[in-house]
Structure formats: structure tokens, C-alpha cells
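[1] Just the structure for this:
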Amino acid sequence: MLLLSCDPKEPVLSGLAPPTDLAPGEEQLEPYSKGEGVFVDLQYLAGKGWDEARDEVSVQMGDILSIEDLDPRDGREIRLAHGFIRTKEGRIYLVHVALPRAMRRTAALSATGLPPQASDWHAFTHEYRLRWHSGFDRIRMGRIEGESQMVSWVEALRFDPRSTLQQ
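    All right, here's what the predicted structure looks like:
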């Protein structure tokens, strides 16, 4: 009886990635890609450093229209073609997006890169609010009319710049 085989020199385990030439502790970063159907990706932008995210902010929210220094505790506000952002010590802590059209709350969450499943909505006359959703302290959505289900803007606060517990 004659047995032949084509065994590899090293054992192969399924599900394991081939070794890379990265130094220990070094990560291989995938290039950023905005999800399909996402107008402005709040998950990606909020919390990033302004210098790191500046190009992507311009792509997603348009050109800078003005920059205004706020109260020193609040940093500065950068007005863009499709909304504004606020930064404190170089980090984006708030993103306000003017949606391209009025849409329902869940569609607005999806269009801004956030999970649409939310159970604890707080409804007010002119806005909806979510607290502590998807890593954000607060998410606000502006209603187009007092009792409407449709919203025209989304504002996401990643962290409170006045909080001493932040960082």
C-alpha cells in the first residue's frame, strides 16, 4: 500500500489570519469608509481630534463658513455648509447636522451613522431627545412642526466639555 500526501510544511488552522510584518503592539488600520446611506457619520466624527478628522468633516459636512470662539469652557464652534461642530482642546465633542430632507427619527439615526433602535425617547414640543445612546451623552432631533414625527436636524453630544469627569 502506497500513501501520498501534499502536506504543507507548517500546520494550517482554519480561521486564523496569516502572520503580518507588524511590530508588537502595532495595529493594522483599515481605511475609513462611510457606510452606505449615511449622510454624516456621527459615530466616526464625534470624539475625534479636529486635526485628524478635518478632511473627513469637510467631505461630509461641506466647507467651513466661519469659526467662532465660545466661552472658554465650551471651546469653539466651526460652522459648515451642512451644520456645525464644536471642539474643546482639539477634540470634537458636538456635531449638529442639517439633514438633506425631513425624515422620521429612525431614518435620521441611520442617516447619521447611529443605530436606529432606541427605546427611551423623550418627546418635547420642538424636539426629540435620547440620553446615553451609542456612546453619546445626548442626541437631539429637531421636529419640523410641533407634533410632527419628522425631523430636520440631528445634534449629537459625545461628552460634556464642562464636565470634570471627562477625559
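
[2] CA only for contacts and neighbour counts going forward, please
    Noted.

[3] tell me which element the residue nearest in space to the middle of the chain falls in.
    Per C-alpha atoms, centre = their mean, the C-alpha nearest to the average position across the chain is that of Gln43, at 1.7 Å. Gln43 is part of helix 42-45, with elements assigned from DSSP states H and E.

[4] Can you tell me what sits against that helix?
    Ala53, Val57, Ile92, Val95, Thr112, Gly113, Leu114, Ala156 (C-alpha atoms under 8 Å, 6 or more residues apart in numbering).

[5] For those residues, work out which two are farthest apart.
    Between any two of those, the greatest separation by C-alpha to C-alpha is 17.9 Å, found for Ala53 and Leu114.

[6] So those two - more neighbours on which side?
    Neighbours per residue (other C-alpha atoms under 10 Å) separate Ala53 from Leu114, with Leu114 holding more: 22 against 16.

[7] distance of the nearest residue to the more buried one once chain neighbours are set aside from Ser152?
    Counting by C-alpha to C-alpha, 6 or more residues apart in numbering, Leu114 lies nearest to Gln43, which is 6.5 Å off, once chain neighbours are set aside. Distance from Gln43 to Ser152, counting by C-alpha to C-alpha, to the nearest Å: 19 Å.

[8] Repeat that for Thr125.
    In this structure, Thr125 and Ser152 are 14 Å apart, going by C-alpha to C-alpha.

[9] Please say which of those two ends up with more neighbours.
    More crowded of Thr125 and Ser152, by other C-alpha under 10 Å: Ser152, with 20 against 11.

[10] if I read this right, the more buried one contacts Met103, doesn't it?
    Yes: between Ser152 and Met103 a contact is recorded at 6.8 Å, counting by C-alpha atoms under 8 Å.
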